[in-house]
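Visitor: predicted model and sequence below, questions to follow.
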Amino acid sequence: MIDLHTHTIFSDGALIPAELARRAQVAGLKAMAMTDHGDHSNLDFIIPRLVTVARELNAVMPFIVIPGIELTHVPPPLIADAAKKARDLGARVVVVHGETIVEPVCPGTNQAAIDARVDVLAHPGMISEAEATQAAEMGILLEITGRKGHSLTNGHVARMAQKTGARLVVNSDSHAPGDLMSPEWAQKVVLGAGLTEADFQAMQLAAAQFLPKAGTIGAKHKAAPLKMLIVDDDAVSRMVLCRGLEPHGKCHTASNGREAIEAFRKALATNEKFDLICLDVMMPDVDGRSALTQIRFLEEDRDLEPEQRVKIIMTTTLSERKDIEGAFRDQCDAYVTKPVKIQDLLERVRQLGLIA
Ligand SMILES: [Zn+2]
Ligand SMILES: [Zn+2]
């Protein structure tokens, strides 16, 4: 059971994250998002703390804490901006406190949450069919809640979801130990809303998409801008690679191995090292293989530690690849096949830990 909506002492919950996580684990949960009440005053107070504790707890507990936020009574025109700021701070689940009938939530909050593409619209009250349709199209999860009061409209929310195909999740909205829902209890809440056991399973699957990959909590969405060198004798190839990589930093270019070595040497001397080099194999004059050997030689000469070495991705044709893979395995970090698909390249860059 995964709960995507809970509160800690960082807003109006009774427990610190470590105790909430432990009690949830004992109650039979596998994972939980901690989503304290946030607005523009406290996003930067709450989220970094939850990110830190999630990273620490996840390293040692058989339980997963997902740092999140619940944007609560934020005026609709400010919701999109608050959601963006929350994500930039590291929130992995953005919940909006929807138009529950037991609080004077500003009308238009449900719609603004959907427009802002948040992850979960909590207790959306008398959500309209048009809003549910849009939530379905945009993959925004509607909440069936175990919370007293908010749960009065669970039946309506379930019916709207069934009518429109919107996906649902079941959350506790826990503020205190007694609010935590065991999997058995959560299933009762789901059945009580007129849904089925199969629906409960589907809700768990929907929630599972937020489980972070091991070790990625706390990783910034965007690493500090990278300094990159694109080496290729073909101008079009250089342009394609630059265009794909530029969202992640600044791209410098070189059109042969000699220029590449020169640029690398200069960067090394001024201590403004490159983070990444994309190196073509077949080039006139000094080719990619010679450049690779030279660059590693320069690094060795400087006694650089392995983690200080520049990451090098070779761009090769399929036919070259077999020959060089063996010989250069320990010198370069990865290969991509030409013509380079940007998605493949970015996946390599991600695997090398340069981008999140
Ligand atoms: Zn609360
Ligand atoms: Zn809440």
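Guide: Here it is on my side, so go on. Bear in mind the structure is a predicted one, so any value in this text is a computation, not a measurement. Ligands and ions are numbered 1, 2, ... in the order given.
Visitor: for ligand 2, what are the nearby residues on this structure?
Guide: Within the chain, the positions lying close to ligand 2 (Cβ under 5 Å from the ion) are 70, 173. Quick note: C-beta positions are derived from backbone N, CA and C, even for glycine.
Visitor: one more pass at 6 Å, please.
Guide: 5, 7, 70, 97, 173 (Cβ under 6 Å from the ion).
Visitor: just put those in CSV and tack on secondary structure, distance to Arg117 and pLDDT.
Guide: Compiled in CSV, the residues of the chain next to ligand 2 are given as follows (DSSP: H, G, I helix; E, B strand; the rest coil; distance: Cβ to Cβ, whole Å; pLDDT from 0 to 100):
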residue, secondary structure, distance to Arg117, pLDDT
His5, coil, 18, 98
His7, coil, 23, 98
Glu70, strand, 16, 98
His97, strand, 16, 98
Asp173, coil, 22, 98
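Visitor: how much space separates the residue nearest to Arg296 when sequence neighbours are not counted from Pro62?
Guide: Leaving aside its sequence neighbours, Arg296 sits nearest to Gln331 (Cβ to Cβ, 6 or more residues apart in numbering; 5.4 Å). Look at Gln331 and Pro62: by Cβ to Cβ, to the nearest Å, they are 40 Å apart.
Visitor: more neighbours: which of the two?
Guide: Gln331 (15 against 7; other Cβ atoms under 10 Å).
Visitor: okay, that one: pLDDT?
Guide: Listed pLDDT for Gln331 reads 81.
Visitor: also Pro212?
Guide: Looking at Pro212, the pLDDT reads 70.
Visitor: wait, a strand at it?
Guide: No. Under DSSP: H, G, I helix; E, B strand; the rest coil, Pro212 sits outside any strand and is assigned coil.
Visitor: neighbour-wise, which of the residues of the chain next to ligand 2 leads?
Guide: In these, the most neighbours by other Cβ under 10 Å go to Glu70, 28 neighbours.
Visitor: show me what contacts it?
Guide: Applying Cβ atoms under 8 Å, 6 or more residues apart in numbering, we find Glu70 in contact with 5, 7, 11, 35-38, 95-97, 122.
Visitor: now the helices for the stretch 51-200 of the chain?
Guide: Secondary structure of the stretch 51-200 of the chain (DSSP state H, counting those that start in this stretch): helices at 76-89, 109-115, 129-138, 154-164, 183-192, 197-208.
Visitor: rounded mean pLDDT for the second one, please.
Guide: Yep, that's helix 109-115 we're talking about. 97.
Visitor: tell me which other helices or strands it touches.
Guide: Helices and strands touching helix 109-115, by 3 or more Cβ pairs under 8 Å, 6 or more residues apart in numbering; DSSP states H and E, are helix 76-89, strand 93-97, strand 120-122, helix 129-138.
Visitor: what residues sit buried inside the last one?
Guide: The neighbour-count criterion (16 or more other Cβ atoms under 10 Å) identifies 131-136 as the buried residues of helix 129-138.
Visitor: so what touches the helix or strand that contains Leu268?
Guide: Secondary structure assignment for Leu268, by DSSP states H and E: helix 257-269. Here helix 257-269 makes contact (Cβ under 8 Å, 6+ apart) with 227, 229, 231, 252, 254, 273-274, 277, 279, 283, 285-288, 290-291, 294-295, 298-299, 302, 310.
Visitor: try 6 Å
Guide: Outside helix 257-269, the residues that touch it by Cβ atoms under 6 Å, 6 or more residues apart in numbering are 229, 231, 254, 273-274, 283, 285-287, 290-291, 294-295.
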